[in-house]
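Quick check, what structure comes out for this input:
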Amino acid sequence: MTTPLPAIATAPRNATAEQIELAIRLAKHFNVRYVERGDQGLEQLYERCGVQAIIVADDPVKLWNRAAATPLFFHPSMGAQRIERMERGETDRLLKVMGLGPGQVVVDATLGLGSDALVFAYHVGPSGQVVGLEASPYLYGVLTAVKQFGAARYPEATRLLRAVDIHCVHHLTWLRDQPDDSVDAIYFDPMFRTPEEESSSMAPLRSFAESSALLPEAVEEAKRVARKCVVVKERPTSGVFYRLGLTPDLPRRKIAYGVWNKQV
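Alright, predicted model coming up:
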């Protein structure tokens, strides 16, 4: 992979031999230079190495952007809570909207940090398949690093992530290459163009994520490729559902799922 921002990989301060070895392996994984940390702070490394991003061999791996105050790293986020509720027998709203069942094939076309994909992987099980598409080489690098090197802090989420088939590609490019009716469901959770509130987890994500608007052409391609449905997460008031020919599941909620079901 090739990273679009100048970056280096390094270890934490007072690193163990294992962390230094991981930093060297991460440098190869991200195709960047490994730099010994010593006692230097991140700002010193930015200046010394002339880079915008620093990959730190932590658990899980942390990705720092000079423009963000906090690092980007893999965590299950709401996905873990949703899975816990499902284990108690509760119904997951998104899975209900998609009509997704065990053994089916679902595409998360805007993978991000994989929170929804973890829920999909848990639900479809080993007989199903989850395909994750991520246009940002940095997010792709973080997720595939977790798949390869693990994240001891999140063992169950790591197990589920390893079941996701991740591709570093823009969803439109991938969809154009797929046959008609070749997957069961396709899901888009594009970055909101004008966020009302910026959570602490979203700020570092925005500094590395692909933030272009969801194109009507991508949704049309998804309608061709999906056997069952296409679902888009958005604000009902944004006008996106109307423009894309989608029906919101709960139009009075702050956030809704716009649904298109293929007629058979």
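
ranges for the strands of the stretch 101-250 of the chain?
105-108, 129-133, 164-167, 183-188, 226-234, 247-248 (DSSP state E, counting those that start in this stretch).

ranges for the helices of this structure?
Assigned by DSSP state H, the helices in the chain fall at 17-30, 42-49, 78-87, 93-98, 115-124, 137-149, 155-161, 171-176, 202-208, 216-225, 240-244.

Would you format the ones you listed as JSON lines with mean pLDDT included?
Listed next are these as JSON lines, based on pLDDT from 0 to 100:
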{"stretch": "helix 17-30", "mean pLDDT": "96"}
{"stretch": "helix 42-49", "mean pLDDT": "95"}
{"stretch": "helix 78-87", "mean pLDDT": "96"}
{"stretch": "helix 93-98", "mean pLDDT": "97"}
{"stretch": "helix 115-124", "mean pLDDT": "98"}
{"stretch": "helix 137-149", "mean pLDDT": "95"}
{"stretch": "helix 155-161", "mean pLDDT": "97"}
{"stretch": "helix 171-176", "mean pLDDT": "98"}
{"stretch": "helix 202-208", "mean pLDDT": "68"}
{"stretch": "helix 216-225", "mean pLDDT": "97"}
{"stretch": "helix 240-244", "mean pLDDT": "92"}
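
For residue 61, find the nearest of those helices.
Closest to residue 61 of the helices of the chain is helix 137-149 (Cβ to Cβ; 4.9 Å). To be clear about C-beta, it is placed using only N, CA and C from the backbone, and glycine gets the same treatment.

got the angle between that closest one and strand 129-133?
140 degrees (axes from the mean of the first three to the mean of the last three Cα atoms, to 10 degrees).

rewinding a little: in JSON lines, list the helices of the chain along with mean neighbour count.
JSON lines is the format used below for those (neighbours: other Cβ atoms under 10 Å):
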{"stretch": "helix 17-30", "mean neighbour count": "17"}
{"stretch": "helix 42-49", "mean neighbour count": "14"}
{"stretch": "helix 78-87", "mean neighbour count": "15"}
{"stretch": "helix 93-98", "mean neighbour count": "18"}
{"stretch": "helix 115-124", "mean neighbour count": "25"}
{"stretch": "helix 137-149", "mean neighbour count": "21"}
{"stretch": "helix 155-161", "mean neighbour count": "18"}
{"stretch": "helix 171-176", "mean neighbour count": "19"}
{"stretch": "helix 202-208", "mean neighbour count": "19"}
{"stretch": "helix 216-225", "mean neighbour count": "19"}
{"stretch": "helix 240-244", "mean neighbour count": "18"}
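
now those in CSV, with distance to residue 57?
Compiled in CSV, the helices of the chain are given as follows (distance: least, Cβ to Cβ, whole Å):
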stretch, distance to residue 57
helix 17-30, 4
helix 42-49, 13
helix 78-87, 24
helix 93-98, 34
helix 115-124, 23
helix 137-149, 9
helix 155-161, 16
helix 171-176, 30
helix 202-208, 17
helix 216-225, 35
helix 240-244, 40
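
Can you say which of the ones you listed is nearest to residue 58?
If you check each of the helices of the chain against residue 58 by Cβ to Cβ, helix 17-30 wins as the nearest, at 7.6 Å.

now the closest one: how far from the chain's centre is it?
Centroid displacement of helix 17-30 relative to its chain, using Cα atoms, centre = their mean, to the nearest Å, is 22 Å.

How about stretch 246-254?
With Cα atoms, centre = their mean, you get 23 Å for stretch 246-254.
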